[in-house]
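Trainee: coordinates only, no sequence provided:
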């Protein structure tokens, strides 16, 4: 729309060579502003609007929110996966649980008691066999029982040592990687949840609200437009014979119908190419039809709004 208005203004200046010159040898133009459009990064239903048209907002103020049910569920699930991964890693780092180790130790104590009994029986059998009281087969049985008891004790001692050791390094690395992935997933889910609340990136005035609560807003589609403070500028057109007399940073006076006197601005842009080019080689007569677009930031816009026709002249 702004480009169409600029083209119309330039075309009028081309058809009517004196159009670029306003009252008192000023330059005709209109007020323009660069809006900031607030949109969500993901699609969703507009849950609430925190502002209304014409309301002043500061940077960081909440503008609108989208429904958060699905994103909250994803955050809860991601946090649960982080907790599970942390527990798995902790279990691998510390070995078996204390209760499991205590069960093995109790079995070890019983096996040690059985070994002591088996050794006592073996000693008695050796004495009885030496005196000829018992046959060799009884001695062999008691000797085998003592050997089996010793093996049982050694096995349980090894089980206690293994239970008290942490997991192998490869298992720990895998568990740490799983925990890191779960934390990254949780962070992403929390960011997606935070993105459902859209805040103002600049201070200014809410110009338009394009959606109502309950309506579906696609990702990247503007929901609210904000007119930033200090963004109002006068876009005007300079005839070619006075183009060289203007420069960036030069002060100008801005006037419009019904506007208070004393509105000033500063030129921030001067086009290097003519806005309208005649279809023939430039001649002295045709050069008067050439105009160049320029822009000047309005110092104190007050109640001025984009779209108002203005007349701009160099400040005395």
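Mentor: Happy to help now that I have it. All figures in this text were calculated on a predicted structure; none of them were measured in a lab.
Trainee: residue ranges with poor pLDDT in the stretch 51-200 of the chain?
Mentor: In the predicted model, the stretch 51-200 of the chain carries pLDDT under 70 at residues 93-99, 163-170.
Trainee: SS state for the most centrally placed residue in the chain?
Mentor: Nearest to the geometric centre of the chain sits residue 191, at 5.6 Å (Cα atoms, centre = their mean). Put simply, residue 191 is helix when judged by DSSP: H, G, I helix; E, B strand; the rest coil.
Trainee: may I see the buried residues of whatever helix or strand residue 180 lives in?
Mentor: Under the criterion of DSSP states H and E, residue 180 resides in helix 169-194. Going by neighbour count (16 or more other Cβ atoms under 10 Å), the buried part of helix 169-194 is 175, 178, 179, 182, 183, 185, 186, 189, 190, 192, 193. To be clear about C-beta, it is placed using only N, CA and C from the backbone, and glycine gets the same treatment.
Trainee: repeat that for stretch 107-125.
Mentor: 107, 108, 111, 112, 114, 115, 118, 121, 122, 125.
Trainee: over to stretch 137-154?
Mentor: Buried, per 16+ other Cβ under 10 Å, within stretch 137-154: 139, 142, 145, 146, 149, 150, 152, 153.
Trainee: among those, which lie within helices?
Mentor: Of the buried residues of stretch 137-154, the ones assigned to helices by DSSP state H are 139, 142, 145, 146, 149, 150, 152, 153.
Trainee: got the contact list for the first one?
Mentor: Looking back up the chat, that one is residue 139. For residue 139, the contacting residues are 122, 125, 126, 129, by Cβ atoms under 8 Å, 6 or more residues apart in numbering.
Trainee: and if you look at the fifth one?
Mentor: The neighbourhood of residue 149, defined by Cβ under 8 Å, 6+ apart, consists of 111, 114, 115, 117, 118, 119.
Trainee: among those, which one lies nearest to residue 64?
Mentor: Comparing the contacts of residue 149 against residue 64 with Cβ to Cβ places residue 111 closest, at 71.2 Å.
Trainee: now do the SS call for the closest one.
Mentor: Applying three-state DSSP: residue 111 is helix.
Trainee: how far away is residue 72 from residue 79?
Mentor: 11 Å (Cβ to Cβ, to the nearest Å).
Trainee: on that earlier part again, looking at the buried residues of stretch 107-125, which two lie furthest apart in space?
Mentor: The widest separation within the buried residues of stretch 107-125 (Cβ to Cβ) is 26.2 Å, between 107 and 125.
Trainee: could you measure from the residue nearest to the centre of the chain over to residue 303?
Mentor: 40 Å.
Trainee: and what of residue 215?
Mentor: Applying Cβ to Cβ, the value for residue 215 to residue 303 is 31 Å.
Trainee: ok, now residue 80?
Mentor: As judged by Cβ to Cβ, residue 80 and residue 303 stand 55 Å apart.
Trainee: next: residue 36.
Mentor: The gap separating residue 36 from residue 303 is 20 Å, by Cβ to Cβ.
Trainee: okay, these two: which has more neighbours?
Mentor: Taking neighbours as other Cβ atoms under 10 Å, residue 36 and residue 303 compare with residue 36 leading, 17 against 8.
Trainee: identify the bridge partners of residue 292.
Mentor: Residues in a beta bridge with residue 292, per DSSP bridges, are residue 238.
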